[in-house]
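**Student:** build the 3D model from these lines:
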Amino acid sequence: MIGFYDYTVILTYASLVSAVVGVFVSLCGGIPHPYISIFLLLFSGLCDAFDGRVARSKKNRTKSMCNFGIQIDSLCDLVAFGVLPVCIGYAMWQIPGGFTIPAPVVVAVSCLYVLGGVIRLAYFNVTEDELQASGKTKREFYSGLPITSASLIFPTFALVNWLVFKYCQVNISWMYHVLMLVVAFAFVGKFKLRKPGNKALMVMMGIGLLEAVLLVLSKYVF
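**Tutor:** I've put the predicted structure just below:
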């Protein structure tokens with residue numbers, strides 16, 4: 001079989017499987033379940049936070065193995081943080097009593113979001129090749145907003161959306177697609193963001209865990 005099969009790709013593939021399940025949950029017949037898909041998006045983000053560190057822990061990786069890891073990571077990221085958020089948005093749009101954005105607008109915003117993600121990932125791959133060719137092994141800054149940030153941005157919105165509806169009786173679900181449009185342009189924005197270190201990573205994990213707990217409480221306790 002072609003490809004490389006070792007422990008370095010387990011988390012990357014787990015992220016992909018979680019995202020595919022999330023897509024099916026979002027698009028299943030009957031009443032869609034965007035909040036369940038939000039949990040799967042959070043799980044994909046958790047896997048992505050560590051897959052690079054796991055890959056770098058393997059000694060004596062060949063250049064082909066490194067390049068394969070870069071490509072497979074980007075392809076899986078496109079599904080997890082590009083396609084899945086679009087499906088979650090579609091599920092929110094389909095919920096009875098939800099917001100009434102015209103279907104062409106939803107489609108257009110969804111296309112722009114995925115396109116922004118594709119361009120961002122392709123640009124990252126090109127610059128990563130150049131980085132490795134220069135002899136450097138780690139980048140200090142990202143150009144534009146990393147696509148993996150979707151794993152925190154959209155769960156945060158889902159939580160805010162629930163809180164606003166519960167306590168103010170105002171449905172702001174329509175803002176999900178406005179947020180998607182902003183994030184799409186941020187993916188290709190010409191600005192730099194410092195790559196998070198271990199402390200920042202732990203903070204983001206804590207935020208993600210807190211969001212997961214609050215979403216569970218909001219949907220099944222309160």
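**Student:** so where do the helices sit in the chain?
**Tutor:** Along the chain, counting by DSSP state H, helices occupy 10-27, 34-56, 63-77, 84-94, 103-133, 150-168, 175-187, 198-220.
**Student:** please identify the most buried of these.
**Tutor:** Mean neighbour count (mean count of other CB atoms under 10 Å) peaks for helix 84-94 among those, with a mean of 23. All C-beta atoms are positioned from the backbone trio N, CA, C, and that covers glycine.
**Student:** other SSEs contacting it?
**Tutor:** When contacts are defined as 3 or more CB pairs under 8 Å, 6 or more residues apart in numbering; DSSP states H and E, helix 84-94 packs onto helix 10-27, helix 34-56, helix 103-133, helix 150-168, helix 175-187.
**Student:** would you turn the helices of the chain into CSV with distance to Met1?
**Tutor:** Listed next are the helices of the chain as CSV, based on distance: least, CB to CB, whole Å:
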stretch, distance to Met1
helix 10-27, 14
helix 34-56, 19
helix 63-77, 13
helix 84-94, 27
helix 103-133, 23
helix 150-168, 30
helix 175-187, 33
helix 198-220, 33
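**Student:** these: which one's closest to Phe4?
**Tutor:** With CB to CB as the measure, helix 63-77 is the member of these nearest Phe4 (5.2 Å).
**Student:** low-confidence ranges in the chain?
**Tutor:** Scanning the chain for pLDDT under 70 picks out the ranges 29-32, 96-99, 134-138, 218-222.
**Student:** contacting residues for Ser149?
**Tutor:** Neighbouring residues of Ser149 by CB atoms under 8 Å, 6 or more residues apart in numbering: 81, 183.
**Student:** got the contact list for the residue sitting furthest away from the middle of the chain?
**Tutor:** The C-alpha centroid of the chain is most remote from Asn60, which lies 30.1 Å away (CA atoms, centre = their mean). For Asn60, no contacting residues are found, by CB under 8 Å, 6+ apart.
**Student:** relative to Leu121, how far out is it?
**Tutor:** The gap separating Asn60 from Leu121 is 27 Å, by CB to CB, to the nearest Å.
**Student:** for Pro104, same thing?
**Tutor:** Pro104 sits 26 Å away from Leu121, going by CB to CB.
**Student:** before we move on, what about Ile36?
**Tutor:** 26 Å.
**Student:** next: Ser26.
**Tutor:** Remark: distance between Ser26 and Leu121 (CB to CB) = 21 Å.
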